[in-house]
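K.L.:
Here you go, sequence then predicted model.
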Amino acid sequence: MTKVISFINLKGGVAKTTTAVMLADTLAIMGQKRVLVLDLDPQTNATLALIGEERWLAADDAGQTLAQLFLDQVNGTSVFNPARAVIRGASNLNRISHEMMDQLPDGLQYGRVDLLPSSIRLIDVQDRMQDISTRSHYSVSPMKVVRKFVAPLFSAYDYVLIDCPPNLGFVTLNGLEVSDHYLIPTIPDRMSTYGVPQIVNRVADVKVKRGLKISCLGVIITKYQSNSSTQKRGLERLPADLETAFAPHGEPTPPILNTRLPQTNALAEAVIYERKVANYRDKYGTSPVGGQAAYKYGPDLADEIEDLLRFNDLQDSLDLALTPPIAKS
């Protein structure tokens, strides 16, 4: 069953995109999973990290980016084609040519990252999305564009990872609308965690109003520096801050993942698509950081996230089993 996870933080520079791209690579290359990345961030960093500038420009020129999807709804056009827009075999770790992909049997299971790219034109369309309802004669909600036109593709994947913009506007809400869970990557300092209560409040509000089942899967510590007293104090404070944010909504406090992604040059350089890499180890670094090789943090993170997903599935099954049947009248 497909798992859809959004990555969100209102603060830039917290390695949100780097974390999403690394997880996509890890699940696909190391775990042999089918992964689709939706880049909803107008900065297009995930797009450039996964396909480079040349392929991105070609997709943008052809109108096959998620920005065009929203522009179509605003302008009443039909340029974007979801199936055509998916770029198969993204990531510079992909070793299967596009021609060979076309010849592989449809049912063959092999690890692969696919991408629905973003565009800087999303900056312009964000302020016009309130017009979608009237333009479509209220047949399409500004928050349900991705659900209507893109979500039907999800069933072909094990995971869908959504890189949300650093705001709580309509584009972000489109990502949350189709997500099972969301993750909050953050540096453990006051500035990076300041917007967490806003995220929690907004998601809780939308969840109730729209009948969504989305939940926070956890908080991922990024750019971690074990010798930083500021980060140590932030880590000590974070559990209580999370409890304060989630408790008013009757939701359990999400875990702070044990895997802390360190501040390393290798992780920073891993999102440079044009950088030639031999394999996963080469891309994410072999130098020791925090007692282990840098590349091992990706598999550790993926394993922990998959464990959390399994736990959530088990909890949902138990809750369903314990729910008394509705008496027939």
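P.N.:
Sure, I can see it.
K.L.:
How about exporting stretch 149-165 as PDB, limited to the C-alpha atoms?
P.N.:
C-alpha atoms of stretch 149-165 as PDB (Å, rounded to 0.1, in the frame of the first residue of the first chain):
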ATOM      1  CA  PHE A 149      -5.200  15.200 -11.200                       C
ATOM      2  CA  VAL A 150      -2.000  13.600  -9.700                       C
ATOM      3  CA  ALA A 151      -3.100  11.300  -6.900                       C
ATOM      4  CA  PRO A 152      -4.400   8.600  -9.300                       C
ATOM      5  CA  LEU A 153      -0.700   8.000 -10.200                       C
ATOM      6  CA  PHE A 154       0.200   7.100  -6.600                       C
ATOM      7  CA  SER A 155      -0.900   3.500  -6.700                       C
ATOM      8  CA  ALA A 156       2.100   2.600  -8.900                       C
ATOM      9  CA  TYR A 157       4.500   3.500  -6.100                       C
ATOM     10  CA  ASP A 158       5.600   2.200  -2.700                       C
ATOM     11  CA  TYR A 159       6.300   5.800  -1.400                       C
ATOM     12  CA  VAL A 160       5.300   9.300  -2.500                       C
ATOM     13  CA  LEU A 161       7.400  12.000  -0.900                       C
ATOM     14  CA  ILE A 162       6.200  15.600  -1.100                       C
ATOM     15  CA  ASP A 163       8.600  18.500  -0.700                       C
ATOM     16  CA  CYS A 164       6.300  21.300   0.500                       C
ATOM     17  CA  PRO A 165       7.100  25.100   0.300                       C
END
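K.L.:
What residues of that stretch count as buried?
P.N.:
149-151, 153-154, 157-165 (16 or more other CB atoms under 10 Å). Any C-beta I mention is one placed from the backbone N, CA and C, and that applies to glycine too.
K.L.:
Now render those residues as a markdown table, adding pLDDT.
P.N.:
A markdown table is the format used below for the buried residues of stretch 149-165 (pLDDT from 0 to 100):
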| residue | pLDDT |
| --- | --- |
| F149 | 96 |
| V150 | 98 |
| A151 | 98 |
| L153 | 97 |
| F154 | 98 |
| Y157 | 96 |
| D158 | 97 |
| Y159 | 98 |
| V160 | 98 |
| L161 | 98 |
| I162 | 98 |
| D163 | 98 |
| C164 | 97 |
| P165 | 95 |
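K.L.:
Out of those residues, which comes closest to F70?
P.N.:
Using CB to CB, F149 comes nearest to F70 of those, at 9.8 Å.
K.L.:
so the closest one touches L69, yeah?
P.N.:
Yes - using CB atoms under 8 Å, F149 is in contact with L69, at 6.0 Å.
K.L.:
what is in contact with these two at once?
P.N.:
By CB atoms under 8 Å, 6 or more residues apart in numbering, F149 and L69 have these common neighbours: F80, P82.
K.L.:
which residues of the stretch 51-200 of the chain score low on pLDDT?
P.N.:
Scanning the stretch 51-200 of the chain for pLDDT under 70 picks out 137-138.
K.L.:
For it, which segments count as helices?
P.N.:
66-75, 82-85, 98-103, 122-126, 132-135, 145-149, 170-177, 190-193, 196-210 (DSSP state H, counting those that start in this stretch).
K.L.:
need the ones you listed in a markdown table with distance to E269, can you?
P.N.:
A markdown table is the format used below for the helices of the stretch 51-200 of the chain (distance: least, CB to CB, whole Å):
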| stretch | distance to E269 |
| --- | --- |
| helix 66-75 | 26 |
| helix 82-85 | 28 |
| helix 98-103 | 26 |
| helix 122-126 | 26 |
| helix 132-135 | 39 |
| helix 145-149 | 31 |
| helix 170-177 | 27 |
| helix 190-193 | 21 |
| helix 196-210 | 28 |
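K.L.:
Identify whichever of these lies nearest to E54.
P.N.:
Closest approach to E54 among the helices of the stretch 51-200 of the chain is made by helix 98-103 (13.9 Å; CB to CB).
K.L.:
Tell me the helices and strands packed up against that closest one.
P.N.:
Applying 3 or more CB pairs under 8 Å, 6 or more residues apart in numbering; DSSP states H and E, we find helix 98-103 packed against strand 87-90.
K.L.:
what pairs with the strand it packs on, and is each one parallel or antiparallel?
P.N.:
Applying DSSP bridges to the sheet, strand 87-90 is found paired with strand 112-116 (antiparallel).
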